[in-house]
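Asks: Got a sequence here, can you build the structure:
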Amino acid sequence: MTPPAAPAAPLRADCIGDSAGGLTFDVAARGKTGAALLVLRRRVPEAAHADAADTVSLPLAPAAEGRLRAALPSSVSLPEGRWDAYARLSDGRPRRLVPGVTDLRSLAGRTPSALLGHVAVRIPYATRQGNLTVRSWLRAPHAEAVDLRPASGGLTVRGRVYGTQLVPGADAELRARPGDGAGGADGSGVRRVDLAAERTEFAFTVPYDGLAPGLWDLWLRPAGESGPVVRLARLLDDVADKNPVFTFPRTRVRTPHGPVEAGPYYTRDNDLSLAVTPLEV
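Replies: Here you go, the predicted structure:
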């Protein structure tokens, strides 16, 4: 009886990011690979159906002995989401890639061109299973949270907008997370905060004492009341998941709802939010 074939060793891919937002993948593959492709598949909810737009295929060309290279330039659209990486070699079966050496130094402190009208960010990372996945963001316009600092009983946020301008009357908006039970002083679940603006840079301070317990999402209104709202997020660095990396002190304040502990955090999508937790008296 012929023993079953041993499973193929995982294919390892080195990733290099460039300052324009593109990625290069170097896949270690020996032997005859034939016409090869690097395939990115976007994860979709179980209730949804994947379509052609949820798959991006890039040619893998020989770059050196035992190495194949694929480029994902910033000009290639990659809709927002998580994209699992595979290599399709001569046998035609896509094989999951695992991360090798990742060089994302060019992403730290990156300043996208204001002419594009949008911000595209792609950060490769290792999943819990050790596989290679690319987290993609595509925001038009975008409000980047550059600096968060505790203020007296609140939080000062400094940031910059891309793909839009700040006009007189621009302000920040706090929205109670739907279904969370939080609400503003008027029960509407929305609070407005004045901001200081200079060209594309802004700053505002959120006082905690007017917030009900719950989760509050931070938004920006670059054009004031008449314009669109833009979610605040921190995207322009090399950290795919900010939540466990960026932690902030929490402040105890008294509110009309009783004593609370409040502080900022980044969500699973690296959006900026506030958590307000009631304290036992």
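Asks: When you work out contacts or count neighbours from here on, use the C-alpha atoms and nothing else.
Replies: Will do.
Asks: just checking, Arg88 touches Leu97?
Replies: No - look at Arg88 against Leu97 with C-alpha atoms under 8 Å: they stay out of range, at 10.1 Å.
Asks: Which one of these two is surrounded by more residues?
Replies: Between Arg88 and Leu97, counting by other C-alpha atoms under 10 Å, Leu97 is the more crowded of the two (24 against 20).
Asks: If you count contacts, what does the strand or helix carrying that one end up packed against?
Replies: Assigned by DSSP states H and E, Leu97 belongs to strand 94-103. Contact here means 3 or more C-alpha pairs under 8 Å, 6 or more residues apart in numbering; DSSP states H and E; on that basis strand 94-103 packs against strand 11-17, strand 81-88, strand 119-126, strand 132-139.
Asks: Reformat these as TSV; add distance to Pro73 and mean pLDDT.
Replies: Shown next, in TSV, are those (distance: least, C-alpha to C-alpha, whole Å; pLDDT from 0 to 100):
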stretch	distance to Pro73	mean pLDDT
strand 11-17	10	95
strand 81-88	15	96
strand 119-126	10	94
strand 132-139	13	96
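Asks: I'd like to know which of these is closest to Ala28.
Replies: Taking C-alpha to C-alpha, strand 11-17 is the member of the helices and strands packed on strand 94-103 nearest to Ala28, at 5.7 Å.
Asks: Off-centre distance for that closest one?
Replies: 20 Å (C-alpha atoms, centre = their mean, to the nearest Å).
Asks: on that earlier part again, of all the helices and strands packed on strand 94-103, which lies closest to Asp238?
Replies: Closest among the helices and strands packed on strand 94-103, once you apply C-alpha to C-alpha, is strand 119-126, at 6.5 Å.
Asks: where does Lys32 land on pLDDT?
Replies: If you check Lys32, the pLDDT there is 67.
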